[in-house]
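**Student:** Here's my sequence, what's the structure:
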Amino acid sequence: MKKAISVFLCAVMVFMLCGGLMTAFTADDIKIETAKAVISPGGFDVKYYDGDGNELKDEFTYSKPTRSGAKSGLPTSYDARNAGVITSVKSQGNTGNCWAYSTCAALEADAVSRGYAGVNSVDYSEAHLAWFTFTPTEDQNDATYGDYYITDEPTPYDTGGSWQHSSSALAALNGPALDADFPSSVYEFSQMGNYPESDRINLGGGIIMKGAEKIQTSDEVKQWIMNHGAVTTSVPYYDQFATSSTSSYYFSLGDNYATNHMITIIGWDDEYAVTNFKSSCRPENPGAWLIKNSWGTWSHNNGYFWLSYESGSTGEFCGFSVMPRGDIYKRYCYTGIGTLNMMGTGTQTTFANIYTSTGADKLDAFSYYTTKTQNLQVTAKVYTGVSANNPESGTLAFSTSTTARNTGYHMITLDNPVNLPLGTRFSIVLTYASTDGSSPAYMTCEQLDRVDDDGLHYTVAAGQSFMKLGSWCDNTSGQLAQYHLGNNSITAYVSCIEHNYQTTVVAPTCIDSGYTFYKCTQCGVERTGSFTPPSGAHTYSEWTTTESGSNYYIDTHTCINCGHTESETHLKGNNTITLRQLIQMIFDRIFAFAKRKTK
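**Tutor:** Prediction:
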């Protein structure tokens, strides 16, 4: 069962005093309002409140599912297992890491759906994800140094979380790693964790997170499952609301309870009968989600159960998507943990991060986070050679526009990567604009005040993050300094401009091919090539016999070409023979018998 963690953080919203878009004004011209973002006691859901304690609702409202119907074009039932994209059920054991198991299940389903991995072979490491989500970096050269969660739990494996926790960790390239490299030990925590800092950015899974989107309607949840295999959500899970005979669950106490367990939706059935739920705890209408759980195959129906569409207090729905890692090996990032604080300047907001390249890199992609407002128009620009305090100075190297349909993490990839030679100061500039001309366009950033009491700790430095208020304003200076703003949520992903390979030549043997092993000294990317064929079968020397103690002989012969050696041990004695001799005798007799039969 998911263990609870309460995390509170401040959310800052900046609104324009005057109407219209971004005209010439300064920080003195804007009205600063504060709001509080509260993560539920289960750690799964976020609600925003203004200074008067009023909840700030999303512009969208999720409605409970009904029959899919002909208009939606969706089937009335679906099971992603039948599509061959759902990996095996895992057990979280005594950990509080259901959020990591749910996340990895969704990542695996999407990787299989896209052909990046095999359903019977892919297995991402929940142990690695949980450890590096709640263990701050020890590398003082890492720009996220000093960002960490404050929790009373003794280890990351006791700590609850949400899709916001896992997605912020994945956005910082903290996985996904392979379970084979970081196996789980869910009943003996000392057998996992305590990983060296060098394992933090471990992309052994071959993919990185492309997006983590909050899905708003039941039809969109269903469509996401058909396209990507799975969607995560959370529930308040208590045994008295479960029906064991049918492996079904219906929470009947309404929508005002905190969730305490994350799960993975892999299908649905609009006709799932209400009689499948216990008579004392039964929904009014048919229909249920098919759930992949993380309590092992011995729970429910081989690890799966049905969740009524009408089950109360079900949490946010998140869809994860992935992309091939390629040669990406590091990130430029200031946000080591989640950034749920909101800022905005009305219906359009422009903000930026400035980084300095620490290697001969090229920019392959970057991610950003949107909140509260759907269908944001996003304009993204990359500048190189910028001055220290002006993100739009220098040379415009890349520009694009897109629409962020859902809130959450999004990725922009560059078809033509931007070269960033060592020491290049570059910026990523984003403009959010509401498409309806009236909804607020919020960006997300850290906030420094009150975080020590609220479960978060951030660090920030001048020259890192900026917001455009007519002219550019550093988040740490001028009028904005009094609001204790941290860094903006923008992360850059890079590979080498040109690999510098160190080579190791492995000679062929009689039966194995030779090859050359290449490893880049900068990014660690590995290649194998220049294969040479084997020379052929072994050519052995005569057998030699040596004594081994008082009871055994050892027969040995060695390939005269490659040095491969085989040996056999047999007991001393007049009537003993080796296995080799026995096999030879059997073949001789079979051959002799066959020869007689042909006469």
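**Student:** alpha carbons only for contacts and neighbour counts from here, please
**Tutor:** Will do.
**Student:** quick one: the helices in the stretch 151-300 of the chain?
**Tutor:** Shown for the stretch 151-300 of the chain, the helices assigned by DSSP state H, counting those that start in this stretch span residues 163-171, 218-228.
**Student:** tell me what the longest one is packed against?
**Tutor:** In this structure, helix 218-228 makes packing contacts with helix 98-113, strand 231-235, strand 261-269, strand 317-324, judged by 3 or more CA pairs under 8 Å, 6 or more residues apart in numbering; DSSP states H and E.
**Student:** what about 7 Å?
**Tutor:** In terms of contacts (3 or more CA pairs under 7 Å, 6 or more residues apart in numbering; DSSP states H and E), helix 218-228 is packed against helix 98-113.
**Student:** Now do the helix it packs on and strand 261-269, the angle between them.
**Tutor:** 40 degrees (axes from the mean of the first three to the mean of the last three CA atoms, to 10 degrees).
**Student:** Contacts for helix 98-113 next, please.
**Tutor:** Here helix 98-113 makes contact (CA atoms under 7 Å, 6 or more residues apart in numbering) with 2, 85-87, 92, 117-119, 122, 124, 126, 129-130, 161-163, 166, 228-232, 261-264, 294, 320-322.
**Student:** picking up where we left off before, quick one: closest of the helices of the stretch 151-300 of the chain to residue 342.
**Tutor:** With respect to residue 342, and counting by CA to CA, the nearest of those is helix 163-171 at 14.7 Å.
**Student:** what about the closest one, distance to the chain center?
**Tutor:** Remark: helix 163-171 is offset 7 Å from the chain centroid, using CA atoms, centre = their mean, to the nearest Å.
**Student:** partners of residue 343 in the sheet?
**Tutor:** residue 443 (DSSP bridges).
**Student:** Correct me if wrong: it contacts residue 441.
**Tutor:** No - contact criterion CA atoms under 7 Å: residue 343 and residue 441 do not qualify, at 8.4 Å.
**Student:** More neighbours: which of the two?
**Tutor:** Neighbours per residue, other CA atoms under 10 Å: of residue 343 and residue 441, the larger number sits with residue 441, 30 against 26.
**Student:** for the residue nearest to that one when sequence neighbours are not counted, what are its contacts?
**Tutor:** The shortest distance from residue 441 to any non-neighbouring residue, by CA to CA, 6 or more residues apart in numbering, is to residue 347 (4.9 Å). Listed by CA under 7 Å, 6+ apart, the contact partners of residue 347 are 21, 433-434, 437-441.
**Student:** ok, of these, which come out buried?
**Tutor:** 433-434, 439-441 (16 or more other CA atoms under 10 Å).
**Student:** quick one: which of those is nearest residue 424?
**Tutor:** Closest to residue 424 out of the buried ones among the contacts of residue 347 is residue 433 (29.3 Å), distances taken as CA to CA.
**Student:** Shouldn't residue 81 be within a helix?
**Tutor:** Yes - under DSSP: H, G, I helix; E, B strand; the rest coil, residue 81 sits within a helix.
**Student:** Check the gap between the residue nearest the centre of the chain and residue 146 for me.
**Tutor:** The chain has residue 170 as the residue nearest its centroid, 4.2 Å off, counting by CA atoms, centre = their mean. Counting by CA to CA, to the nearest Å, the gap from residue 170 to residue 146 is 18 Å.
**Student:** ok, back up a step: looking at the buried ones among the contacts of residue 347, which is nearest residue 466?
**Tutor:** residue 441 (16.1 Å).
**Student:** Give me the pLDDT for the closest one.
**Tutor:** Residue 441 carries a pLDDT value of 89.
**Student:** Could you do the one 5 residues further on as well?
**Tutor:** What the model reports for residue 446 is a pLDDT of 85.
**Student:** Also residue 461?
**Tutor:** Each residue has a pLDDT score; the one for residue 461 is 94.
**Student:** do the same with residue 69
**Tutor:** Residue 69 carries a pLDDT value of 50.
**Student:** Low-confidence bits of the protein, can you list those?
**Tutor:** Low-confidence segments of the chain, defined by pLDDT under 70: 1-71, 340, 448-454, 549-550, 572-582, 584-585, 588-589, 591-599.
**Student:** which ones are touching residue 380?
**Tutor:** Residue 380 is in contact with 399-401, 429-431, counting by CA under 7 Å, 6+ apart.
**Student:** beta partners of it?
**Tutor:** Applying DSSP bridges to residue 380 gives these bridge partners: residue 400, residue 430.
**Student:** Please report how far it lies from residue 355.
**Tutor:** On the measure of CA to CA, residue 380 and residue 355 end up 16 Å apart.
**Student:** ok, residue 337 - how many residues close by?
**Tutor:** 26.
**Student:** same question, residue 198
**Tutor:** For residue 198, using other CA under 10 Å, the count is 10.
**Student:** Begin at 26, not 1, for the rest of this chat.
**Tutor:** Yep, numbering from 26; the last one is residue 223 now.
**Student:** Please report how far it lies from residue 520.
**Tutor:** Relative to residue 520, residue 223 is positioned 17 Å away (CA to CA).
**Student:** Now do the contacts for the spatially closest residue to residue 102 that is not a sequence neighbour.
**Tutor:** Among residues not flanking residue 102 along the chain, residue 294 sits closest, at 4.2 Å (CA to CA, 6+ apart). Residue 294 makes contact with 101-103, 312-314, according to CA under 7 Å, 6+ apart.
**Student:** Now neighbour count and distance to residue 330 too, for those, in a markdown table please.
**Tutor:** Shown next, in a markdown table, are the contacts of residue 294 (neighbours: other CA atoms under 10 Å; distance: CA to CA, whole Å):
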| residue | neighbour count | distance to residue 330 |
| --- | --- | --- |
| 101 | 16 | 18 |
| 102 | 18 | 15 |
| 103 | 19 | 14 |
| 312 | 24 | 13 |
| 313 | 27 | 10 |
| 314 | 26 | 8 |
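**Student:** Would you mind finding the most buried of the helices of the stretch 176-325 of the chain?
**Tutor:** Highest mean neighbour count among these (mean count of other CA atoms under 10 Å): helix 188-196, with a mean of 25.
**Student:** Would you mind pulling the contact partners of it?
**Tutor:** So helix 188-196 is in contact with 124-125, 128, 158, 234, 237, 362-363, going by CA under 7 Å, 6+ apart.
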